[in-house]
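**Q** take this sequence and fold it.
(2 chains)
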Amino acid sequence: EAGVTQFPSHSVIEKGQTVTLRCDPISGHDNLYWYRRVMGKEIKFLLHFVKESKQDESGMPNNRFLAERTGGTYSTLKVQPAELEDSGVYFCASSRGLPPYEQYFGPGTRLTVT
Amino acid sequence: AQSVTQPDIHITVSEGASLELRCNYSYGATPYLFWYVQSPGQGLQLLLKYFSGDTLVQGIKGFEAEFKRSQSSFNLRKPSVHWSDAAEYFCAVGARSNFGNEKLTFGTGTRLTIIP
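**A** Alright, predicted model coming up:
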């Protein structure tokens, strides 16, 4: 089966611009997660979807970040307007929601805000 | 709130030598525990996991980890490293809940360098 895919792999934008990141989870996985790693720091949770509903969005930094999951399939994460501190690697993960609860990660999108 | 500490930012070992990467966690009950690896240019790959039962768990690529409740630790080990093991390793803890599928909390990672 295909793994979690993310697009683009790398994005360079200027401060104030908008960027949309996309994640396609493994087919049949109801749970979808977004994480972010800022340079040199730990990977931090952003939010968790169960199907199309937001289960937990406690990690979203502020209202410049908007996540959606259309029809419970792919998800997008929009940053508008982007700030310098938004630079980092954004990971998406998915899981079936059944034991053993493994989260499968995508390759990440490296976002650089200049 | 749960937390994970990986005290070693960077470790260098010789090829063929043994390896132990340290991980300590803070959580009120028995958590789910994971080790992930990220090779250059790749995503995070699950090495192994602990949910319950035997506290010594085996993973892929010859790795194992031992859950020690008394020390709140979940250290990763490999008896003999290969050059291809050079990567960044992340320990993570997941909360137990009715959903069983909650967010992961990661450590800051340990970068492993292998020298010939």
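**Q** name the element the residue nearest to the spatial centre of chain B belongs to?
**A** Nearest to the geometric centre of chain B sits residue B:35, at 3.1 Å (CA atoms, centre = their mean). Using DSSP states H and E, residue B:35 falls within strand B:32-38.
**Q** near chain A at all, that strand?
**A** Yes. Strand B:32-38 lies within reach of chain A by CB under 8 Å from any CB of the partner chain, at B:32, B:36. Backbone N, C-alpha and C define where each C-beta goes, glycine included.
**Q** circling back: so the residue nearest to the centre of chain B touches residue B:93, yeah?
**A** No. Counting by CB atoms under 8 Å, residue B:35 sits too far from residue B:93 to count as a contact (10.9 Å).
**Q** how about residue A:98, secondary structure?
**A** coil (DSSP: H, G, I helix; E, B strand; the rest coil).
**Q** residues in contact with it?
**A** If a contact means CB atoms under 8 Å, 6 or more residues apart in numbering or on different chains, then residue A:98 has no contacts.
**Q** what's the per-residue pLDDT of it here?
**A** What the model reports as pLDDT for residue A:98 is 73.
**Q** which residues does the spatially most central residue of chain A bridge with?
**A** Per CA atoms, centre = their mean, the C-alpha nearest to the average position across chain A is that of residue A:34, at 3.4 Å. Beta-bridge pairing of residue A:34 under DSSP bridges involves residue A:47, residue A:92.
**Q** these two touch, right, it and residue A:78?
**A** No. Between residue A:34 and residue A:78 there is no contact under CB under 8 Å: 11.4 Å.
**Q** and for the two, which residues touch both?
**A** In contact with both residue A:34 and residue A:78: residue A:67, using CB under 8 Å, 6+ apart.
**Q** what about residue 114, how many residues nearby?
**A** Here I'm looking at chain A. 10 (other CB atoms under 10 Å in any protein chain shown).
**Q** wrong chain, I was asking about chain B
**A** 19.
**Q** over to residue B:81?
**A** Neighbour count for residue B:81, taken as other CB under 10 Å: 20.
**Q** state the distance from it to residue A:41.
**A** 26 Å (CB to CB, to the nearest Å).
**Q** how about residue B:68?
**A** Taking CB to CB as the measure, residue B:68 and residue A:41 are separated by 27 Å.
**Q** near chain A, which residues of chain B?
**A** B:4, B:32, B:36, B:41-46, B:49, B:51, B:90, B:92, B:94, B:99-109.
**Q** just the buried residues of the residues you listed.
**A** Burial by neighbour count, judged by 16 or more other CB atoms under 10 Å in any protein chain shown, picks out B:4, B:32, B:36, B:43-46, B:49, B:51, B:90, B:92, B:94, B:100-109 from the residues of chain B next to chain A.
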